Each structure stands twice: as structure tokens, then as C-alpha cells.
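J.: dropping the sequence and predicted coords here.
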Amino acid sequence: MAYMSPSYQRQEWNLWQRVLMGTVKGDLHDIGKNLCIMMLRGSGSTFDLGGDTSDDEFIDAVEEHSAPILGMSALLTTTMPNMGKTKEAFLELICGMT
């Protein structure tokens, strides 16, 4: 990734494009997330929340950075349902519904 990263960098930043990326709770695998972040950095601001990110950490980061786009990563099939749990947490917060 260190070898490929410079070819995806660009000098112009569109700061209106803010993307948050994180690997869901219980999953530490980050290669796919890191590849997405590397490509997205060429066209906007990206914030890497790292691995094993809880619902509350996703919500706090979206509020802190006013990011219109949230990307969640999961490699393990056992952690993929946590994407749905994070979505439900956002719906509860924003809409008061699940």
C-alpha cells in the first residue's frame, strides 16, 4: 500500500466531500478499508476510524466531522451483522425509530 499510495494522491482537495471509514465492532481486518481510503483521498477528505469501531464511535465521528458519507468494513461473516446494528443506531438517533 505504501508503494501504491502516491499514485492516488492529488493536490486538489474537495473539502465538501468528507468520508468516514471504519471497520465494525469485533473486526480488526483493515486491508479493504485502507484500500478504499487510499483511493478516496485523491478526491476528498477521509477520516479513518480504524478497526473494531463501535456504534457510538461511528455516531460521534459523523457528528464531529459533519461527514455526509459513512463507510463500514467487515471481513468476517460473524461481524457483518454489526453493520446493521450501526445502521439501526443511526436510525434511532436521527429518526427516533429502528
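T.: Cool, the structure landed. Residues are numbered from 1 along each chain as shown.

J.: what's the helix of greatest length in the chain packed up against?
T.: Counting residues, the longest helix found in the chain (DSSP state H) is helix 81-95. Under the contact criterion of 3 or more Cβ pairs under 8 Å, 6 or more residues apart in numbering; DSSP states H and E, helix 81-95 touches helix 55-65. Where you see a C-beta, it was placed from the backbone N, CA and C, and this is true even at glycine.

J.: so what's residue 62 up against?
T.: Applying Cβ atoms under 8 Å, 6 or more residues apart in numbering, we find residue 62 in contact with 20, 70, 90.

J.: mind running it again at 6 Å?
T.: The contact partners of residue 62, by Cβ atoms under 6 Å, 6 or more residues apart in numbering, come to residue 70.

J.: please apply the same query to the one 3 residues further on.
T.: For residue 65, the residues meeting the contact criterion (Cβ under 6 Å, 6+ apart) are 18, 47.

J.: 7 Å instead, please
T.: Counting by Cβ atoms under 7 Å, 6 or more residues apart in numbering, residue 65 touches 18, 20, 47.

J.: bridging residues for the first one?
T.: Here residue 18 sits in beta bridges with residue 45, as judged by DSSP bridges.

J.: could you measure it against residue 26, distance?
T.: 26 Å (Cβ to Cβ, to the nearest Å).

J.: considering the contacts of residue 65, which possesses the most neighbours?
T.: Within the contacts of residue 65, most neighbours by other Cβ atoms under 10 Å means residue 20, with 23 neighbours.

J.: quick one: secondary structure of the spatially most central residue of the chain?
T.: The residue lying closest to the centre of the chain (Cα atoms, centre = their mean) is residue 21, at 1.3 Å. State at residue 21, reduced to three classes by DSSP: H, G, I helix; E, B strand; the rest coil: strand.

J.: need the per-residue pLDDT for it.
T.: pLDDT recorded at residue 21 is 95.

J.: same thing with residue 7?
T.: pLDDT recorded at residue 7 is 54.
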